[in-house]
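no letters, just coordinates:
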C-alpha cells in the first residue's frame with residue numbers, strides 16, 4: 001500500500017472555524033469540537049484534545065456525571081491508553097483487581113474459581129490483568145484530568161436539534177444558547193440523540209432473552225474478598241451475583257430474570273430479589289443506589305461518520321456487558337479519533353484523514369460485539385481474547401508495510417506497537433504524548449529524513465525485528481520498512497509532521 005492511498009493535504013484542507021473563536025469557549029457560540037456526552041468516551045476525547053491544545057466543549061444532558069458502576073472492567077489495552085492520557089495511576093488508586101468467584105447453594109459456599117484465564121505479562125505486553133473500576137469513578141478520574149488541562153463539562157445541556165452544512169454544525173439545546181462547531185462527536189450512549197437526529201440506523205440482535213437487573217448496593221453478611229454467585233434453580237434463569245466494587249463500599253448486583261419479565265428496579269424490589277435468592281435478609285441490604293434493568297443485546301451503527309458528525313462509544317455500538325468490551329471499545333474509539341481531529345485542526349493533515357476513523361474503528365467494534373456475545377453465551381473464556389491487546393488496523397489506509405515476505409505472526413504496520421526496555425529506554429515512555437515517534441531497530445545504512453519528530457534508536461529488539469517504524473500517537477505502527485525509503489511521503493500525507501514552526505522533538 002503506497003502513501004498515495006493516504007488522504008493528501010491540499011484542496012481538502014479543513015475550512016477555517018466559523019465565528020470568531022477556534023477554541024472551546026470562543027465568542028458567538030463557536031467551537032472547534034463539540035462533544036455530546038460526558039461518559040467515558042466523551043471525557044477521554046475531551047482529555048485527548050485538551051492535551052493537544054485543541055480543547056473541545058463537552059456537554060452533558062444530565063446535571064451530574066452518570067452515578068452507576070455499570071462498565072467496571074478496564075482491559076489491559078485500555079489501561080495503556082489511560083497511561084498515555086495521564087490517568088492510569090489515579091485509576092489504579094480508584095480500583096483494584098478482580099476477586100475470585102465464590103459459589104453458594106442453600107447458604108453454604110460451594111467452591112471458588114477465577115473469572116478469567118491468567119495471562120502472563122511479557123516485556124512487550126506488561127499489562128495483562130483487567131482492572132476493576134466502577135464506571136462512575138472512571139468518569140470522575142477523567143473529569144478531574146480534563147479540568148486539570150483547562151477543560152470543563154457543561155451540564156444540563158440536552159441536545160434537541162442538529163443541522164450541518166459544508167462549513168460546520170449548528171447544535172441546539174433544550175436550555176441554553178445554540179453552539180456552532182466545526183465538528184460534533186456524539187458520545188451520548190446507546191439511545192443517542194445525535195445518532196437519531198442524523199438518521200443513522202443501528203442494527204442488532206437480542207443476545208439473551210432473559211432480562212437483567214443491575215444495581216449498586218451496600219450490605220452485610222458477605223465478605224469483600226470474593227465475587228459471590230448464587231446460581232438459582234438448576235436450568236433456571238434466576239442467577240444472581242454480588243461483586244464487591246474495588247475502591248468503594250458497594251457491591252454490584254446482577255440478577256437474571258425469566259424471559260418476558262417486567263423487571264422492577266426500585267429499592268424495595270432490589271432488597272426483595274436479594275433476600276429471595278440468597279441467604280441474606282432484606283434488612284442486610286443497607287443501601288440501594290443506582291439501579292437499572294436492561295435486555296442484553298448487540299447492535300452496530302450503520303456508519304460512524306456523517307459529514308462533520310462522528311459517533312463514538314455506545315452511540316455507535318452496544319454490547320452485552322459480558323467480557324467487559326463495551327467501555328473499553330468506547331474509550332479506544334475516542335483515542336483513535338482524538339489524534340486525527342487534532343491533526344486536522346492543527347493544519348498538519350487533510351480533512352479526509354477523518355475518514356479513517358470509521359474505516360478503522362467500525363470493523364473493530366463489530367469484532368468486539370461478536371466477542372462479547374460469545375463470552376455471554378459461554379463460548380469463549382475471558383482472558384487473552386478479552387484483553388484487546390491483539391487488536392489492530394492492518395487493513396487500514398494508514399497502515400503502510402513495505403517489508404516483503406513477512407510472516408503472519410511478525411509485527412506489521414497497523415499492529416499495536418510493543419512496549420519494552422532497551423538501551424536504557426522504556427518504549428511506552430518514549431511514545432507517551434500527542435506526537436508520532438520514529439523508531440529504528442538495528443543498524444541503518446541509509447540516513448533518516450529529518451521529520452522534526454522524536455527518534456528512538458535500538459540496537460536490537462525481537463518484538464519489532466530490524467527496520468524503521470513510525471509509531472502513531474495512539475500507539476500503533478503506521479509505517480514500517482527495512483529502509484526509510486518512502487517514509488517522508490507517508491509522514492507528510494498522514495499528518496505526522498508538526499505544523500510549520502513547531503517541533504515535536506522531546
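Structure's in. What do you need? Keep in mind the model is a prediction, meaning the values are calculated, not measured.

around residue 429, how many other residues sit close by?
13 (other CB atoms under 10 Å). Heads up, the C-betas are built off the backbone N, CA and C, glycines and all.

tell me which element it is part of?
helix 427-431 (DSSP states H and E).

which parts of the chain are helices?
40-51, 76-84, 88-94, 135-148, 193-198, 267-277, 326-346, 355-376, 427-431, 487-494 (DSSP state H).

and of those, who's closest to residue 204?
helix 355-376 (8.2 Å; CB to CB).

pLDDT weak spots in the stretch 351-500 of the chain?
500 (pLDDT under 70).

quote the end-to-end distance of stretch 72-91.
Distance across stretch 72-91, first residue to last, is 11 Å (CA to CA, to the nearest Å).

buried ones in that stretch, by neighbour count?
Buried positions in stretch 72-91, judged by neighbour count with 16 or more other CB atoms under 10 Å: 72-85, 87-88, 90-91.

quick one: distance of the top strand by length along the chain to the chain centre.
Longest strand in the chain by number of residues, with DSSP state E as the criterion: strand 285-294. Offset of strand 285-294 from its chain centre (CA atoms, centre = their mean, to the nearest Å): 26 Å.

for that strand, buried residues please.
Those would be 285, 288, 289, 290, 291, 293, 294, for strand 285-294 by 16+ other CB under 10 Å.

so what are the sheet partners of that strand and their directions?
In the sheet, strand 285-294 lines up against strand 212-219 (antiparallel) (DSSP bridges).

and the strand it pairs with, average pLDDT?
What strand 212-219 shows for mean pLDDT is 97.

my guess is residue 279 meets residue 105, correct?
No - between residue 279 and residue 105 there is no contact under CB atoms under 8 Å: 9.7 Å.

quick one, domains of the chain?
21-72+133-204+298-386, 97-127+209-295, 400-494 (automatic domain parsing).

got CSV for those, with distance to residue 394 too?
Below are the domains of the chain laid out as CSV (distance: least, CB to CB, whole Å):
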stretch, distance to residue 394
domain 21-72+133-204+298-386, 10
domain 97-127+209-295, 17
domain 400-494, 4
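
for those domains, which one sits closest to residue 392?
domain 400-494 (4.4 Å).

what number of residues lie near residue 343?
27.

rewinding a little: so which of the buried residues of strand 285-294 comes closest to residue 195?
For the buried residues of strand 285-294, the nearest to residue 195 is residue 294 (18.1 Å; CB to CB).

can you tell me how far the residue nearest to that closest one when sequence neighbours are not counted is from residue 90?
Distances taken as CB to CB, 6 or more residues apart in numbering put residue 212 closest to residue 294, at 5.9 Å, once the chain neighbours are dropped. Using CB to CB, to the nearest Å, one gets 30 Å for the distance from residue 212 to residue 90.

pull the number of nearby residues for the nearest residue to residue 394 once chain neighbours are set aside.
Using CB to CB, 6+ apart and skipping residues adjacent in sequence, the residue nearest residue 394 is residue 414, 3.7 Å away. Residues within reach of residue 414, counting by other CB under 10 Å, total 22.

what's the span of stretch 294-308, first residue to last?
OK, stretch 294-308 end separation, CA to CA: 32 Å.

got the buried residues for that stretch?
Result for stretch 294-308 [16+ other CB under 10 Å]: buried residues 294, 296, 297, 298, 299, 300, 301, 304, 305, 306, 308.

need the max-distance pair from those residues.
296 and 308 (33.4 Å).

what's near enough to touch residue 69?
By CB atoms under 8 Å, 6 or more residues apart in numbering, the contact list for residue 69 reads 134, 135, 136, 216, 245, 248, 250, 252, 290.

which non-adjacent residue is nearest it?
That would be residue 134: by CB to CB, 6+ apart, it lies 3.8 Å from residue 69.

residue 239 contacts residue 257, doesn't it?
No - Residue 239 is beyond contact range of residue 257, at 9.8 Å (criterion: CB under 8 Å).

return the residues in contact with residue 289.
Applying CB under 8 Å, 6+ apart, the residues near residue 289 are 67, 68, 215, 216, 217, 218, 250.

buried subset of these?
Applying 16+ other CB under 10 Å to the contacts of residue 289 flags 68, 215, 216, 217, 250 as buried.

ok, the residues you listed vs residue 373, which is closest?
Nearest member of those to residue 373, counting by CB to CB, is residue 68, at 22.6 Å.

how much space separates that closest one from residue 348?
40 Å.

next: residue 398.
Applying CB to CB to residue 398 and residue 348 gives a distance of 14 Å.

next, format the buried residues of strand 285-294 as a markdown table and append distance to residue 263 and pLDDT.
Shown next, in a markdown table, are the buried residues of strand 285-294 (distance: CB to CB, whole Å; pLDDT from 0 to 100):
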| residue | distance to residue 263 | pLDDT |
| --- | --- | --- |
| 285 | 17 | 98 |
| 288 | 14 | 98 |
| 289 | 17 | 96 |
| 290 | 15 | 96 |
| 291 | 10 | 96 |
| 293 | 4 | 93 |
| 294 | 9 | 90 |
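
count the residues that sit near the residue nearest to residue 294.
19.

with distance to residue 60 added, can I get the helices of the chain in a markdown table?
Shown next, in a markdown table, are the helices of the chain (distance: least, CB to CB, whole Å):
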| stretch | distance to residue 60 |
| --- | --- |
| helix 40-51 | 8 |
| helix 76-84 | 20 |
| helix 88-94 | 20 |
| helix 135-148 | 10 |
| helix 193-198 | 12 |
| helix 267-277 | 25 |
| helix 326-346 | 15 |
| helix 355-376 | 22 |
| helix 427-431 | 31 |
| helix 487-494 | 33 |
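
follow-up on the earlier one: which outside residues touch the helix holding residue 429?
80, 83-84, 417-421, 437, 439, 454, 456, 471, 475, 506.

hmm, 10 Å instead?
With contact meaning CB atoms under 10 Å, 6 or more residues apart in numbering, helix 427-431 is reached by 80, 83-84, 123-124, 126-127, 417-421, 437, 439, 454-456, 458, 461, 463-464, 471-475, 506.

buried set for that helix?
Buried, per 16+ other CB under 10 Å, within helix 427-431: 427, 428, 430, 431.

farthest pair in these?
Every pair of those checked by CB to CB; the farthest is 428 and 430, at 7.3 Å.

near residue 404, how many other residues are there?
6.

same check, this time on residue 150
There are 13 residues near residue 150, going by other CB under 10 Å.

low pLDDT regions in the stretch 201-350 of the chain?
For the stretch 201-350 of the chain (pLDDT under 70), the answer is 234-236, 323.

mutual contacts of residue 239 and residue 257, please.
In contact with both residue 239 and residue 257: 210, 212, using CB under 10 Å, 6+ apart.

relative to residue 249, how far out is the residue nearest to the spatial centre of the chain?
Closest residue to the average C-alpha location of the chain: residue 331 at 1.5 Å, with CA atoms, centre = their mean. Going from residue 331 to residue 249 by CB to CB gives 26 Å.

residues contacting the residue located most distally from the centre of the chain?
In the chain, the residue that sits farthest from the middle, by CA atoms, centre = their mean, is residue 106; the gap is 40.3 Å. Under the criterion of CB under 10 Å, 6+ apart, the contact list for residue 106 reads residue 279.

so what does it have for phi and psi?
Phi and psi for residue 106, reported as degrees, to the nearest 10, are phi 50, psi 40.

before we move on, back to that, turn the contacts of residue 69 into a markdown table, columns for distance to residue 410.
Listed next are the contacts of residue 69 as a markdown table, based on distance: CB to CB, whole Å:
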| residue | distance to residue 410 |
| --- | --- |
| 134 | 39 |
| 135 | 37 |
| 136 | 42 |
| 216 | 46 |
| 245 | 41 |
| 248 | 44 |
| 250 | 46 |
| 252 | 41 |
| 290 | 46 |
